[in-house]
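K.L.:
I would like the atomic coordinates for the input below:
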Amino acid sequence: MAKTRVYYECQECGRRSPRYMGKCPGCGEFNTMIEVVEEPEAPAAAARPSTAPRTTPQRLSEVAADAGERYPVPVEELSRVLGGGLVPGSVVLVGGDPGIGKSTLLLQTAALMEEIAGPVLYVSGEESERQIKMRAERLGLSPHNLYLVTETELGAILAHVESIRPRLLIVDSIQTTYVEGKASAAGSVSQVRECASALRELAKNTGIAVFLVGHVTKEGVIAGPRVLEHIVDTVLYLEGDRFQAYRLLRSVKNRFGATSEVGVFEMQDRGLVEITNPSEVFIAEREVNAPGSAIAVTLEGTRPLLVEVQALASQTVYPNPRRTANGVDFNRLLLITAVLSKRMGLRLFEKDIFVNVISGLKIDEPASDLATAVAIASSLWEIPVPADMAFVGELGLSGELRAVSQTAMRVREAAKLGFKRVMVPKTSRRDDLGKIDVEIIRVRNIATALEIALPGPRRAEAPQ
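P.N.:
Below is the predicted model:
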């Protein structure tokens with residue numbers, strides 16, 4: 001007779017252990033091992049299961065190349081991130097911090113998609129139908145073909161799908177869904193994996209597009225097993241500062257479009273409103289001729305964005321000067337500071353350096369290195385950067401400037417917003433920049449860049 005099995009399973013990586021461990025040996029996280037009681041399964045039927053294949057192998061040349069039509073998404077920013085529309089039968093995972101606007105965005109999308117694709121089923125495991133109705137009224141939504149249900153058991157959800165036959169299914173959230181009969185609780189590794197796999201099979205067999213809402217951990221990654229992100233077709237993160245109204249919908253995986261694509265929204269009283277020209281919004285409140293401010297042209301997916309990088313260099317009162325980075329990578333800030341100290345002789349060892357990207361944006365690519373270095377030097381010398389100049393370039397350890405990708409696209413975006421001069425590395429391709437109506441300033445190293453961008457008498461100390 002089969003016995004009940006007891007083991008401990010990590011909720012981060014899924015590693016199993018026969019005994020409890022405070023630190024998971026697989027992922028190194030603390031206090032993630034929980035007890036799982038596995039009941040013995042019912043004896044299998046006497047007849048052996050059929051081994052006949054359900055599919056037939058095809059030659060690659062015989063496979064139809066038609067990818068199928070996408071559902072047009074009325075929200076242009078969401079459509080951009082999805083790759084130009086919603087693919088029938090796709091599974092999209094949306095993650096983000098609590099209260100960032102995930103449910104609001106999906107409810108708005110569902111209300112618009114029911115007129116285009118057909119019936120939409122919104123399954124909520126955390127809110128009642130009345131709560132969702134109140135949110136819809138607050139957002140001014142009155143869809144006629146949107147069905148709501150509060151359910152967490154997977155079998156019941158599939159039964160509702162069979163009854164309604166929607167073209168779009170939204171499950172909010174996957175961590176609250178569970179399979180009846182499993183001993184583990186909802187949100188555990190096995191439950192999340194089982195529910196996501198079942199919903200993926202539903203999407204592939206019926207052509208229903210599925211949106212899954214995922215919780216995130218304190219580190220900002222989607223909770224549950226890492227295999228969850230491998231199961232789905234697209235992974236989207238809704239990011240933003242809780243004190244700012246702007247939200248960035250970022251694609252980190254997309255089997256039907258470009259990765260690292262980004263859509264920009266603003267949280268208003270009527271919900272998330274898309275921003276079609278985010279660069280203009282991000283630099284609208286810039287104070288002209290203020291020392292310590294520079295414009296960087298960054299690239300998010302296929303979209304160039306102009307953002308304001310601010311820096312402040314102040315005399316330190318501590319033995320070890322502070323380095324504070326908000327919106328830029330902390331290690332990149334240390335690298336830029338070291339290059340300015342070594343190659344330019346700036347006395348930054350006695351200065352506290354603060355760098356901030358306006359509007360709560362986060363810049364991951366090194367193309368903003370030049371703007372960050374110019375902003376630090378501008379604050380140190382109290383020399384303002386010319387208001388009509390933008391910066392593109394990666395900074396090397398020898399002080400050289402290295403070319404970045406899609407330089408021409410970045411320069412065109414700067415010219416569109418009225419910038420007359422753009423500083424780029426000298427190694428950037430000339431044929432791509434020849435037809436753009438803007439002055440291209442080519443520099444080889446950081447010393448030349450600072451001489452051009454910050455002319456005039458320089459101060460070694462900022463005024464106290």
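K.L.:
Distance from the chain centre to stretch 391-399, please.
P.N.:
Averaging C-alpha positions (CA atoms, centre = their mean, to the nearest Å) puts stretch 391-399 25 Å from its chain's average.
K.L.:
ok, and for it, which residues are buried?
P.N.:
Across stretch 391-399, burial judged by 16 or more other CB atoms under 10 Å covers 391-396, 399. C-betas here are computed from N, CA, C, even on glycine.
K.L.:
Out of those, which comes closest to I132?
P.N.:
V392 (45.0 Å; CB to CB).
K.L.:
need the contact list for that closest one.
P.N.:
Residues near V392 by CB atoms under 8 Å, 6 or more residues apart in numbering: 296-297, 367, 370, 404, 407, 410-411, 422-425.
K.L.:
okay, those residues in JSON lines with pLDDT and secondary structure next?
P.N.:
Listed next are the contacts of V392 as JSON lines, based on pLDDT from 0 to 100; DSSP: H, G, I helix; E, B strand; the rest coil:
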{"residue": "A296", "pLDDT": "96", "secondary structure": "strand"}
{"residue": "V297", "pLDDT": "95", "secondary structure": "strand"}
{"residue": "A367", "pLDDT": "94", "secondary structure": "helix"}
{"residue": "L370", "pLDDT": "97", "secondary structure": "helix"}
{"residue": "V404", "pLDDT": "93", "secondary structure": "coil"}
{"residue": "T407", "pLDDT": "91", "secondary structure": "helix"}
{"residue": "R410", "pLDDT": "92", "secondary structure": "helix"}
{"residue": "V411", "pLDDT": "92", "secondary structure": "helix"}
{"residue": "V422", "pLDDT": "95", "secondary structure": "strand"}
{"residue": "M423", "pLDDT": "96", "secondary structure": "strand"}
{"residue": "V424", "pLDDT": "95", "secondary structure": "strand"}
{"residue": "P425", "pLDDT": "95", "secondary structure": "strand"}
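K.L.:
just those now: which is nearest G181?
P.N.:
Nearest member of the contacts of V392 to G181, counting by CB to CB, is A367, at 52.1 Å.
K.L.:
Excluding sequence neighbours, find me the nearest residue to the closest one.
P.N.:
The shortest distance from A367 to any non-neighbouring residue, by CB to CB, 6 or more residues apart in numbering, is to V404 (4.2 Å).
K.L.:
Dihedrals phi and psi, the one you found?
P.N.:
Geometry field for V404 lists phi and psi as phi -120, psi 170, criterion degrees, to the nearest 10.
K.L.:
remind me, longest helix of the chain?
P.N.:
Longest helix in the chain, counting residues (DSSP state H): helix 189-206.
K.L.:
Among the buried residues of stretch 391-399, name the ones in helices.
P.N.:
Of the buried residues of stretch 391-399, none are assigned to helices by DSSP H.
K.L.:
farthest pair in those residues?
P.N.:
Between any two of the buried residues of stretch 391-399, the greatest separation by CB to CB is 16.8 Å, found for V392 and G399.
K.L.:
OK, contacts around L334?
P.N.:
In this structure, L334 makes contact with R323, judged by CB under 8 Å, 6+ apart.
K.L.:
E266 too?
P.N.:
With CB under 8 Å, 6+ apart, E266 has these contacts: 245-247, 272-273, 275, 281.
K.L.:
you'd agree it is in a strand?
P.N.:
Yes: read with DSSP: H, G, I helix; E, B strand; the rest coil, E266 is one of the residues of a strand.
K.L.:
quick one: it from Q244, how far?
P.N.:
Distance of E266 to Q244, computed by CB to CB, to the nearest Å: 9 Å.
K.L.:
Any buried residues in stretch 311-328, and which?
P.N.:
For stretch 311-328, using 16+ other CB under 10 Å, the buried residues are 311-314, 321, 325-328.
K.L.:
Could you work out the end-to-end span of it for me?
P.N.:
For stretch 311-328, the first-to-last residue distance is 11 Å (CA to CA, to the nearest Å).
K.L.:
Each with direction, which strands does the single longest strand found in the chain pair with?
P.N.:
Longest strand in the chain by number of residues (criterion: DSSP state E): strand 303-315. Here strand 303-315 has these sheet partners by DSSP bridges: strand 293-300 (antiparallel), strand 351-357 (antiparallel).
K.L.:
To T4, which of these lies closest?
P.N.:
Of all these, strand 293-300 comes closest under CB to CB, at 51.2 Å.
K.L.:
got the CA coordinates for that closest one in PDB?
P.N.:
Extracted as PDB, the C-alpha positions of strand 293-300 are listed here (Å, rounded to 0.1, in the frame of the first residue of the first chain):
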ATOM      1  CA  SER A 293      21.500  68.400 -16.100                       C
ATOM      2  CA  ALA A 294      22.000  66.600 -19.400                       C
ATOM      3  CA  ILE A 295      19.800  64.900 -21.900                       C
ATOM      4  CA  ALA A 296      20.500  61.300 -22.700                       C
ATOM      5  CA  VAL A 297      19.000  59.500 -25.700                       C
ATOM      6  CA  THR A 298      18.300  56.000 -24.600                       C
ATOM      7  CA  LEU A 299      16.600  53.100 -26.500                       C
ATOM      8  CA  GLU A 300      13.900  50.900 -25.100                       C
END
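K.L.:
could you redo the buried residues of stretch 391-399 as TSV and give each row distance to I446 and pLDDT?
P.N.:
As requested, these are exported to TSV (distance: CB to CB, whole Å; pLDDT from 0 to 100):
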residue	distance to I446	pLDDT
F391	11	97
V392	14	96
G393	9	96
E394	11	96
L395	6	96
G396	9	95
G399	5	95
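K.L.:
which ones among those are found in strands?
P.N.:
Among the buried residues of stretch 391-399, DSSP E puts 391, 394-395 in strands.
K.L.:
Show me where this structure dips below the pLDDT cut-off.
P.N.:
1-2, 39-54, 65-68, 183, 218-220, 223-225, 432, 434, 459-464 (pLDDT under 70).
K.L.:
care to break it down by domain?
P.N.:
By the assignment in automatic domain parsing, the chain contains the domains 5-38, 71-275, 281-453.
K.L.:
Next, format these as a markdown table and append distance to Q58.
P.N.:
A markdown table is the format used below for the domains of the chain (distance: least, CB to CB, whole Å):
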| stretch | distance to Q58 |
| --- | --- |
| domain 5-38 | 34 |
| domain 71-275 | 16 |
| domain 281-453 | 33 |
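K.L.:
the strands in the stretch 201-350 of the chain, which residues?
P.N.:
209-214, 234-239, 246-254, 262-268, 271-274, 293-300, 303-315, 323-326 (DSSP state E, counting those that start in this stretch).
K.L.:
Could you dump those strands into a markdown table and include distance to L340?
P.N.:
As requested, these are exported to a markdown table (distance: least, CB to CB, whole Å):
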| stretch | distance to L340 |
| --- | --- |
| strand 209-214 | 41 |
| strand 234-239 | 30 |
| strand 246-254 | 29 |
| strand 262-268 | 30 |
| strand 271-274 | 39 |
| strand 293-300 | 14 |
| strand 303-315 | 10 |
| strand 323-326 | 12 |
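K.L.:
right, so of these, which gets closest to G360?
P.N.:
Proximity to G360, assessed across these by CB to CB, is greatest for strand 246-254 (6.2 Å).
K.L.:
I'd like to know which elements that closest one is packed against.
P.N.:
Judged by 3 or more CB pairs under 8 Å, 6 or more residues apart in numbering; DSSP states H and E, strand 246-254 is in contact with helix 76-82, strand 234-239, strand 262-268.
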